[in-house]
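In: could you work out the structure for the sequence below:
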Amino acid sequence: MIAAEMQATEIGVRATVVVLDRGGEQVAMARMDGAWPGAFDLALGKAQTARSFHAPSAAFVSLIQPGANLFGIGTACAGKYVILPGGLPIRVSGHVVGAIGVSGGDTDQDAAIALAALGTF
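Out: Numbers count the residues shown, from 1 in each chain. Presented below is the predicted three-dimensional model:
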């Protein structure tokens, strides 16, 4: 979490970071002072997406466009998944053991913060 907050501060973002375990339970959360209240729901959804599909949440952006294979997944899954950059699976010895989700900046900023945090696991 410290690495995420340091990266967010460096790029001028007030972020919310959520960490989930392999089963999808929230094991950590940090909301920086001044972070947008709605960022928690987005960070959680990005982490859920990365954990459930064992892939970065950004990997599915092209698949949710009209006419694509996963178009409508957000509605079908009651908003559980957030398919925007900022969600990354946490892997140990090649196995997904959880995920991190970040929200608060633009999509590139969220992805950079998540990547910084991932380096600490």
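In: so in the chain, which strand runs the longest?
Out: Across the chain, the longest stretch assigned as strand under DSSP state E is strand 95-103.
In: partner strands of it and their direction?
Out: Counting by DSSP bridges, the strands paired with strand 95-103 are strand 16-21 (antiparallel), strand 87-92 (antiparallel).
In: among those strands, show me which one is buried the most.
Out: Most buried of the strands paired with strand 95-103, by mean neighbour count (mean count of other C-beta atoms under 10 Å): strand 16-21, with a mean of 24. Every C-beta, even on glycine, is put in place using the N, C-alpha and C of the backbone.
In: now tell me what touches that strand from outside.
Out: 1, 4-5, 26-32, 35-36, 39-40, 42-44, 46-48, 51, 90, 97-104, 113-114, 117 (C-beta atoms under 8 Å, 6 or more residues apart in numbering).
In: from these, list just the buried residues.
Out: Buried subset of those (neighbour count, 16 or more other C-beta atoms under 10 Å): 4-5, 29-32, 35, 39-40, 42-44, 46-48, 51, 90, 98-104, 113-114, 117.
In: for the chain, name the helix or strand with the lowest mean pLDDT.
Out: Least confident element among the helices and strands of the chain, by mean pLDDT, DSSP states H and E: helix 73-76 (a mean of 75).
In: I am finished for the moment; much appreciated.
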